[in-house]
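# structure for this input, please:
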Amino acid sequence: MRAYLLGAGVNGAIGVAMGAWAAHGLQSTLDAAAIEWVKTGASYQLWHAAALFGLGAIANAQRTRLLPLAGFAFGIGALVFSGALYLYALAGLGWITALAPIGGAAMIAGWLAVIVAAFRLRSAG
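Take a look at the predicted model:
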């Protein structure tokens, strides 16, 4: 449960900070497109922080290897995806956007692990 909560806290804190910065601090330094990149990264990061928090809430009740896999995929995926968008928007590193699909694929894999875990739980009881 500790890893889920740590991942939720890290992703949540970064997501809120970046979203607030995009809304209030970047207006005079970045163009509208770059601000949207930051907002998109913050949104995905916050949604996956909430997902990690939810996994942490059920981790002890549902013993399955799929939920830790989902948690790892959510945490790493959100950091890689959002981080790539932040670096592109803030530093103009065009090559970094090649990492965004990897982070996105990790987040999708996490959700697929949740789906499989749900079917296994249903069939077990």
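# low-scoring stretches of the protein, by residue?
122-125 (pLDDT under 70).
# now the helices for it?
2-20, 32-58, 66-91, 100-124 (DSSP state H).
# tell me the most buried of the ones you listed?
Mean neighbour count (mean count of other Cβ atoms under 10 Å) peaks for helix 66-91 among the helices of the chain, with a mean of 21. Where you see a C-beta, it was placed from the backbone N, CA and C, and this is true even at glycine.
# centre of the chain versus that helix, how much separation?
5 Å (Cα atoms, centre = their mean, to the nearest Å).
# again with stretch 26-34
The answer for stretch 26-34 is 23 Å, by Cα atoms, centre = their mean.
# end-to-end on it?
One end of stretch 26-34 sits 9 Å from the other (Cα to Cα, to the nearest Å).
# any idea how far I35 is from the residue nearest to A105 when sequence neighbours are not counted?
Nearest in space to A105, with sequence neighbours left out and distances taken as Cβ to Cβ, 6 or more residues apart in numbering, is G77 at 7.4 Å. Shown here: G77 relative to I35, a distance of 23 Å by Cβ to Cβ, to the nearest Å.
# W111 now?
27 Å.
# next one: L66
For L66, the distance to I35 - Cβ to Cβ - is 37 Å.
# returning to that earlier point: and the helices of the chain: which comes nearest L26?
Nearest to L26 among the helices of the chain is helix 32-58 (5.4 Å), distances taken as Cβ to Cβ.
# what helices or strands is that closest one leaning on?
Where contact means 3 or more Cβ pairs under 8 Å, 6 or more residues apart in numbering; DSSP states H and E, helix 32-58 is packed against helix 2-20, helix 66-91, helix 100-124.
# how about these in TSV, adding distance to K39?
Formatted as TSV, the helices and strands packed on helix 32-58 follow (distance: least, Cβ to Cβ, whole Å):
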stretch	distance to K39
helix 2-20	6
helix 66-91	9
helix 100-124	14
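# of all those, which lies closest to L46?
helix 2-20 (3.9 Å).
# so that closest one versus helix 66-91, what angle?
Calculated by axes from the mean of the first three to the mean of the last three Cα atoms, to 10 degrees, helix 2-20 forms an angle of 30 degrees with helix 66-91.
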